[in-house]
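let me see the structure of the following:
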Amino acid sequence: MTRARQQAAPLPFLVFLAGCVAVSPSPTVLPSAEPSTVASPSTAPSGTPLPTATPLPGLRLPEPEAFDFREISYAVSVELQAGESGRIVIRVENRTDTMIDELVLRWPTEVRDTIFLAPFEPSLQRIREGGDPLVQDWTKWVDGPGEHGEPAGTTSLGWGPLLPGATLTIPVVATRVAPGPLLFDLQILAGEAVLTSDGEPAWFQVSVP
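Residues are numbered from 1 along each chain as shown. Have a look, this model is predicted:
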């Protein structure tokens, strides 16, 4: 999912604005990196004010404090039907020559009011007394605020490390709690810094039917 770009409605007198974009060679703070917004269409007569950006609906994440310029690619598969449980699978490829120590997925904690996202599916084998040792691939599962800077109102699932050039497939169990569709933010981070995909923050929205 990528950001939608706004287009201004034509005006009677065309005015071309030449802007300058300041590029910082290696910023560490992301001042404004939000999921793409949608411009309200304009059918009004010429001379009316330009349309303004309307934030996408759904559950939102706060702006991240840090930004990681290392490139990844990702694909998201929503494998559940309307009114049913299933899973969401996130596939992430490290496209750099450095290791990502801990790959982190982050979503609004409020998502659990509709679907409960978890790194595993509970079973008697996992919880019975004297059962097999608990073996897990995930490194953390935290509702913020957390000890490592996880923001309040968010849930963070750590999964890693991710070696250079490697691909990690993350299946997240999605258990239906309430009926109805859901749209929510998802970020892919290295620790507490949002990673980059195709030159933009790996911060997008997931639609569940």
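
end to end, how far does stretch 160-168 reach?
8 Å (CA to CA, to the nearest Å).

got the contact list for it?
91-104, 139, 159 (CB atoms under 8 Å, 6 or more residues apart in numbering). Yep, even glycine has a C-beta here, placed from its N, CA and C like the rest.

tell me the mean pLDDT over stretch 105-119?
Average pLDDT, stretch 105-119: 96.

same check, this time on stretch 196-209
Per-residue scores along stretch 196-209 average to 96.

which residues are contacting it?
1-3, 30, 33-35, 56, 58, 61, 64, 67-74, 76, 78, 80-82, 88, 107, 114-115, 174, 181-189, 194-195.

kindly write the ChimeraX command that selects the buried subset of those residues.
Applied in ChimeraX, the following selects the buried portion of the contacts of stretch 196-209 according to 16 or more other CB atoms under 10 Å:
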select :30,33,34,35,58,61,64,67,68,70,72,74,76,80,88,107,114,115,174,182,184,185,186,187,188,189,194,195
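
in helices only, show me the contacts of stretch 196-209.
Judged by DSSP state H, helices contain none of those.

what is the most widely separated pair among the contacts of stretch 160-168?
Using CB to CB, these span at most 22.4 Å, a distance reached by D97 and T139.

neighbour count: the two, which is higher?
T139 (15 against 8; other CB atoms under 10 Å).

how near is that one to S73?
According to CB to CB, to the nearest Å, T139 and S73 sit 22 Å apart.
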